[in-house]
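Enquirer: Got a sequence here, can you build the structure:
(one chain, ligands or ions: 2)
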Amino acid sequence: MKKLTAGLIAVALLAGANMVYSAELSAEDASEAAGNYMKYCALCHGADRQGHVNDHAPSLRSESLMKTGFPHHIYLTVSYGRLGTPMAGFIDEVGGPMSRDEIIQMLYWIRQESGVTEQVDLYPDPVTGDVELGAGLYARECAECHGKEGEGVTGTALGNPTMLSLTEDQFLRYAIENGRDGTPMKAFGEVLSGKEIDALTAFLRSRATGWAVEKPVYRAPPAVEDYVINPDADAPQFDLKDGLYVMSADLYQALQDKRRMVLLDTRVMSYWQMVNIEGSVPMPYYYEFGEFEQLAGDLPKDGTWIVTYCECPRAAAESVNRKLSALGFENTAVLWEGIQGWVALGYPVARGETTTVEVQALP
Ligand code: HEC
Ligand code: HEC
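Expert: Numbers count the residues shown, from 1 in each chain. Ligands and ions are numbered 1, 2, ... in the order given. I've put the predicted structure just below:
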């Protein structure tokens, strides 16, 4: 079941688009995509997608990236960018200039140009490893190019919270083991053991809320009595788009104003663990109606606002919202930008609780 999830996300992502592309783009689509690429991307990634033309932008034609990054990773990176690096988000809902269809068209074009058709199946299970060992290896083998604090030098910013929160462990692990052909990123699988690569991956993941030296511990979802955020406060005054969607800015303001509401994270649980909006309750989209009805029995039915959000940015959240409405819940809303948009707009997120256990400090 777990193994299926990544595939399902990818399928959901593509099914949600208005256009469906076959393996081969039409000449018209390809020329449109090429034009957009030259206009928006060539500046940094190079006219031939070779990378490292400006700002050390990575190669967009390595076999390694194409095998693991298509379509989800590339789609997310191009859409939402990596906050704090030169890689901006391009999708219209975070300011544009590209539509979702244009981005999807482009990512198919990027793959077609690379000539890579094979895909490596990445599954979303976390990579476990010895974080302290990883910290030491990082300082020795990686800091020179990726920066002591993961800030990026000639290599990418491995401590970037947006990158880490939108990237699966297995994607990072694959890059470390196999490198990025045609770039300075060598295949560390040739010089490090599997255990060392696991340790490095676990170390990178442990930096997901920033590079401060803390060891994350996975936490349990909120208890039923903690489902309602600010239980004694007034309701927020949401001005919903199309009667359904709440904007990130408005949700953030309502949370700042300490208004009473429930936040439901409708993604798979591993994503909730990776990163979530503080106070949210995991309520994945995949529960059948009967089971859902039972779980929803724990939610307040007194008109308390229930806001759902997901990753994609809305499909899963809307499906849970529809189930809530069918059960007679009033005052329900869907977060318009999804959590990726929320992150890209710079609003705060939470992940596993951190303890004060220190791993080896970076030299
Ligand atoms: C201003 C320079 C710049 C522009 C313009 C730019 N990028 Fe980037 N891009 C970067 C940098 C720098 C990174 C790496 C950031 C980091 O993680 O440190 C990056 C990362 C990426 C990645 C992630 C690759 C990987 O190895 O994981 C993808 C995919 C990407 N860019 C695609 C695009 C596309 C498509 C466009 C055009 C729509 C574009 N970029 C425009 C600078 C740019
Ligand atoms: C000689 C410089 C250099 C060293 C040393 C190096 N890297 Fe890299 N790394 C790079 C460059 C450059 C890229 C971008 C490659 C590209 O163009 O696709 C990269 C890419 C990556 C990526 C993919 C990131 C993404 O956004 O897709 C990961 C993960 C990574 N490196 C991890 C590591 C780890 C862990 C180490 C240490 C074991 C390491 N690197 C050592 C230069 C280096």
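
Enquirer: what separates stretch 117-129 from the chain centre, distance-wise?
Expert: Stretch 117-129 sits 15 Å away from the centroid of its parent chain (CA atoms, centre = their mean, to the nearest Å).

Enquirer: whoops, stretch 78-95 was the one
Expert: Distance of stretch 78-95 from its chain centroid, counting by CA atoms, centre = their mean, is 12 Å.

Enquirer: Run the contact check for that stretch versus ligand 2.
Expert: No: contact check for stretch 78-95 against ligand 2, using CB under 6 Å from any ligand atom: none in range, with a minimum separation of 8.1 Å. Backbone N, C-alpha and C define where each C-beta goes, glycine included.

Enquirer: residues of that stretch that come out buried?
Expert: For stretch 78-95, the neighbour count (16 or more other CB atoms under 10 Å) marks 78-83, 85, 87, 89-91, 93-94 as buried.

Enquirer: of all those residues, which two lie farthest apart?
Expert: For those, the maximum inter-member distance is 19.7 Å, found between Thr85 and Glu93 (CB to CB).

Enquirer: Low-confidence bits of the stretch 1-150 of the chain, can you list those?
Expert: Across the stretch 1-150 of the chain, the ranges flagged by pLDDT under 70 are 1-23, 84, 93-96.

Enquirer: repeat for the stretch 251-363 of the chain
Expert: 268-271, 274, 312, 351-363.

Enquirer: Just give the nearest non-adjacent residue to the closest residue to ligand 1 within it, would you?
Expert: Nearest residue of the stretch 251-363 of the chain to ligand 1 (CB to the nearest ligand atom) works out as Ala344 at 13.7 Å. Using CB to CB, 6 or more residues apart in numbering and skipping residues adjacent in sequence, the residue nearest Ala344 is Tyr80, 4.2 Å away.

Enquirer: I figured that neighbour hits Thr162, correct?
Expert: Yes: between Tyr80 and Thr162 there is a contact at 6.8 Å, judged by CB atoms under 8 Å.

Enquirer: what's the overlap in contacts for those two?
Expert: Both Tyr80 and Thr162 are contacted by 343-344, under the criterion CB atoms under 8 Å, 6 or more residues apart in numbering.

Enquirer: rewinding a little: wait, what's in contact with the residue nearest to Ala344?
Expert: The contact partners of Tyr80, by CB under 8 Å, 6+ apart, come to 89, 91, 94, 162, 166, 340-341, 343-344.

Enquirer: gap between it and Gly279?
Expert: Taking CB to CB, to the nearest Å as the measure, Tyr80 falls 22 Å from Gly279.

Enquirer: do Thr308 as well
Expert: When Thr308 is compared with Gly279 (using CB to CB), they lie 13 Å apart.

Enquirer: Distance of Asn321 relative to ligand 2?
Expert: Distance of Asn321 to ligand 2, computed by CB to the nearest ligand atom, to the nearest Å: 33 Å.

Enquirer: now swap in Val116 and tell me
Expert: 13 Å.

Enquirer: Could you find the closest non-adjacent residue to that residue?
Expert: Nearest non-adjacent residue to Val116, counting by CB to CB, 6+ apart: Met66, 3.8 Å away.

Enquirer: ok so, going back, Thr308 and Gly279 - which one has more neighbours?
Expert: More crowded of Thr308 and Gly279, by other CB atoms under 10 Å: Thr308, with 27 against 17.

Enquirer: Pull the contacting residues for the more buried one.
Expert: Thr308 touches 263-266, 283, 317-318, 320-321, 324, 332-335, counting by CB under 8 Å, 6+ apart.

Enquirer: ok, the residues you listed vs Ala187, which is closest?
Expert: Asp265 (36.1 Å).

Enquirer: quick one: the closest one and Gly279 touch, right?
Expert: No: taking contacts as CB under 8 Å, Asp265 lies outside contact range of Gly279: 9.9 Å.

Enquirer: can you give me the strands for the chain?
Expert: Assigned by DSSP state E, the strands in the chain fall at 215-217, 245-246, 262-265, 281-282, 306-309, 332-335, 353-355.

Enquirer: Out of those strands, which is the most enclosed?
Expert: When these are scored by mean count of other CB atoms under 10 Å, the highest mean neighbour count falls to strand 306-309 (a mean of 27).

Enquirer: Name every strand pairing with it and say which way it goes.
Expert: With DSSP bridges as the test, strand 306-309 is paired with strand 262-265 (parallel), strand 332-335 (parallel).

Enquirer: Please identify which of these is closest to ligand 2.
Expert: Relative to ligand 2, the nearest member of the strands paired with strand 306-309 by CB to the nearest ligand atom is strand 262-265, separated by 24.7 Å.

Enquirer: got a list of what the residue of the stretch 201-350 of the chain found nearest ligand 2 touches?
Expert: Using CB to the nearest ligand atom, the single residue of the stretch 201-350 of the chain nearest to ligand 2 is Leu204, 6.6 Å away. If you count contacts by CB under 8 Å, 6+ apart, Leu204 has them with 134, 138, 150, 158-159, 164, 172.

Enquirer: And the residue nearest the centre of the chain, how far from His72?
Expert: For the chain, the residue nearest the mean C-alpha position is Leu166 (2.2 Å; CA atoms, centre = their mean). Plainly put, Leu166 is 9 Å away from His72 if you go by CB to CB.

Enquirer: Val228 too?
Expert: Val228 sits 33 Å away from His72, going by CB to CB.
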